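[1] this is the structure alone, sequence omitted:
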Ligand SMILES: Cc1cc2nc3c(=O)[nH]c(=O)nc-3n(C[C@H](O)[C@H](O)[C@H](O)COP(=O)(O)OP(=O)(O)OC[C@H]3O[C@@H](n4cnc5c(N)ncnc54)[C@H](O)[C@@H]3O)c2cc1C
């Protein structure tokens, strides 16, 4: 598997809004903790170390 | 009942009055590793002299968790069954977050092995048994003999040894530094000890009490009884329990060492005050190793060569695997059955083993003691998720317990045979009609021929009846197989139907260190 970087979300505005909604009303620390949990959950779902490696690279090289 | 530390007698060594003939092997340090090596060499018919600056066994229980592999090695040395009989056998570890179990592991889920996954046994007992064994084998054990100088010669090394009666010199073809984590020999030779120090402190306490905790390893993250920190509980023989409590870096070890500080902490763990403090200590973690372990005529073994943080029990167990990898090779070199170049294979294999131990220990330490910022954020996220989602549980890291190293050997292999017995692995144990396979794979090269003839090429052959367990561990779907197994029980090469010259070539490669 290679990392999908083309648009892959049917309803990008809805997903984005859901992400923001999950953070609403939380302190900065709580938001960071939420994101950490989310990352771990998604990493496990993806499961493929190569895809994860490519995702980490993309995240790192984006300023 | 507390351990009885009777000192071993100091006897003035012959070198004080007249120069001693050159020794084949001098071992510095009578900890578990120096003693084990002396016994291993004696089993191979090689005499050694062991020098120790002290005259009692380990003060404090220190290493308590001995792995299956260590027990197999100790069994070969002649003390495995004694250790097993005295020790507390266990195989299950449970990890709790706050008051909820979030992860557990079973280190030996199958039967058909002589030795269990782990025993807990105080280091002083292991040393006491090894001393008795070494004495029975005639090892020259010298207490109160402190090595103060090492000078390398062309084909030997010269030691200066301090005794209560003054100093003397001792020459040896090979000097083995088993002088522990603070290794004075390392310092005398000016060798760098690279790695990292973790900014963390743990209190360790052995307490004596009547209790019925199961024979399991229990680890807590942030338990109610120890505010926000970690704790570990192990059961030892003689009604002794080991409790490790994380203290954090901003604590004063001198203050924390006081019984009036320790006792209330322990009371909170066990829920009562009906116990006696047997031994306490405060430790920090380091993960370091020498760049190489063989320095001409001086060879480093055990903690002098590498130190790891204790979670994972990789210190003592790692050191015994060093002994395993060095003993037969050094014996062969001393007896001129192999060239000194063979010792490079010890260096390579055990640097590889040390790296594996360092990697695992530093990961566990990082999980237990995360630095502020992302490390703590993700550690806490894993613990929080572990109570809810199965995937997070194996990420909870309270220490990955010592397992035998799988060496990256390049010996002949047939991928149709089971992975768990491939070249580089310790040959798995199995029951034979009489005794155990592990008891038959000791001290010499062995050909294990299963459902096939063993060629007569001067190597001891073993042709046991192929039971279902042997077939499962060594044949898989194959009808037959032939294994070449090293004196340390590591599989060197294996085939389904080899030619005699292939086996001979593989045997030669082992003795040349390839
Ligand atoms: C708190 C704690 C808990 C641990 N728990 C575990 C565990 O559960 N499982 C595990 O596998 N490991 C554990 N370890 C690690 C284990 O104790 C060590 O890895 C082990 O003792 C190393 O053995 P060694 O023989 O290399 O060194 P040591 O046991 O340190 O022995 C070195 C010997 O050399 C002698 N010596 C030093 N200098 C000189 C000199 N100049 N001349 C002569 N002699 C000298 C010393 O007196 C000593 O007898 C633990 C360690 C600690 C501190």
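    Good, I have the coordinates. The structure displayed is predicted, hence computed values, not measured ones.
[2] which residues of chain A score low on pLDDT?
    Per-residue confidence for chain A (pLDDT under 70) gives no ranges below the cut-off.
[3] residue of it nearest the ligand, please.
    Scanning chain A for proximity to the ligand using Cβ to the nearest ligand atom identifies residue A:40 as nearest, at 30.3 Å. C-beta here means a position set from N, CA and C on the backbone, and glycine is covered the same way.
[4] centroid-nearest residue for chain B?
    What sits nearest the mean C-alpha location of chain B, by Cα atoms, centre = their mean, is residue B:317, with 1.5 Å.
[5] dihedrals phi and psi, the closest residue to it other than its chain neighbours?
    Among residues not flanking residue B:317 along the chain, residue B:402 sits closest, at 4.0 Å (Cβ to Cβ, 6 or more residues apart in numbering or on different chains). Backbone torsions of residue B:402, given as degrees, to the nearest 10, read phi -50, psi 130.
[6] thought residue B:402 was touching residue B:71?
    No - at 11.5 Å, residue B:402 does not count as touching residue B:71 under the criterion of Cβ atoms under 8 Å.
[7] what does chain A put close to chain B?
    By Cβ under 8 Å from any Cβ of the partner chain, the residues of chain A that approach chain B are A:32, A:33, A:36, A:37, A:39, A:40, A:41, A:44.
[8] so what secondary structure elements neighbour the longest helix along chain A?
    Ranked by number of residues, the top helix in chain A under DSSP state H is helix A:28-46. Counting contacts by 3 or more Cβ pairs under 8 Å, 6 or more residues apart in numbering or on different chains; DSSP states H and E, helix A:28-46 packs against helix A:12-23, helix A:49-61, helix B:374-386.
[9] quick check: which of the ones you listed is buried the most?
    Comparing the helices and strands packed on helix A:28-46 by mean neighbour count (mean count of other Cβ atoms under 10 Å in any protein chain shown), helix B:374-386 comes out on top with a mean of 18.
[10] so it, near chain A or not?
    Yes - against chain A, helix B:374-386 shows contacts by Cβ under 8 Å from any Cβ at B:377, B:378, B:380, B:381, B:382, B:384, B:385.
[11] closest one of those residues to the ligand?
    Nearest to the ligand, judged by Cβ to the nearest ligand atom, of the residues of helix B:374-386 next to chain A is residue B:382 at 24.5 Å.
[12] and the pLDDT for the residue nearest to the closest one when sequence neighbours are not counted?
    Closest residue to residue B:382 apart from its sequence neighbours, by Cβ to Cβ, 6+ apart: residue B:395 at 4.7 Å. Residue B:395 carries a pLDDT score of 97 in this model.
[13] what about the closest residue to residue A:48 other than its chain neighbours, how many residues nearby?
    In this structure, residue A:48 finds its nearest non-sequential neighbour in residue A:1, 4.9 Å apart by Cβ to Cβ, 6+ apart. By other Cβ atoms under 10 Å in any protein chain shown, the residues close to residue A:1 number 9.
[14] I'd say residue A:1 and residue A:51 touch.
    Yes - counting by Cβ under 8 Å, residue A:51 is a contact partner of residue A:1 at 5.2 Å.
[15] closest residue of the stretch 351-500 of chain B to the ligand?
    Using Cβ to the nearest ligand atom, residue B:402 is the residue of the stretch 351-500 of chain B that sits closest to the ligand, at 6.5 Å.
[16] state the distance from that residue to residue A:40.
    27 Å (Cβ to Cβ, to the nearest Å).
[17] and for residue A:3?
    Residue A:3 is 18 Å from residue A:40, by Cβ to Cβ.
[18] between these two, which has more neighbouring residues?
    residue A:40 (19 against 15).
[19] nearest residue to that one other than its sequence neighbours?
    In space, residue A:40 is closest to residue B:381, 5.6 Å off (Cβ to Cβ, 6+ apart).
[20] check whether the worst-scoring helix or strand of chain B on mean pLDDT contacts the ligand.
    In chain B, no helix or strand scores lower on mean pLDDT, DSSP states H and E than helix B:253-256, which sits at a mean of 89. No - using Cβ under 6 Å from any ligand atom, we find that helix B:253-256 stays clear of the ligand, coming within 13.3 Å at best.
[21] what's next to that helix, contact-wise?
    Residues outside helix B:253-256 that contact it (Cβ atoms under 8 Å, 6 or more residues apart in numbering or on different chains) are B:201, B:203, B:247, B:261, B:262, B:282.
[22] and the nearest residue to the first one once chain neighbours are set aside, how many neighbours?
    Once its chain neighbours are removed from consideration, residue B:201 has its nearest residue in residue B:247; the separation is 4.4 Å (Cβ to Cβ, 6+ apart). Counted with other Cβ under 10 Å, residues neighbouring residue B:247 total 20.
[23] that older thread, the residue nearest to residue A:40 contacts residue A:30, doesn't it?
    No - at 11.8 Å, residue B:381 does not count as touching residue A:30 under the criterion of Cβ under 8 Å.
[24] which stretch of helix or strand covers residue B:346?
    Taking DSSP states H and E as the definition, residue B:346 sits inside helix B:343-368.
[25] next, the angle helix B:374-386 makes with that helix.
    Interaxial angle, helix B:343-368 versus helix B:374-386 (axes from the mean of the first three to the mean of the last three Cα atoms, to 10 degrees): 70 degrees.
[26] residue B:176 pairs with what?
    Beta bridges link residue B:176 to residue B:27, residue B:299, judged by DSSP bridges.
[27] near chain A, which residues of chain B?
    Counting by Cβ under 8 Å from any Cβ, the residues of chain B near chain A are B:377, B:378, B:380, B:381, B:382, B:384, B:385, B:389, B:391, B:392, B:395.
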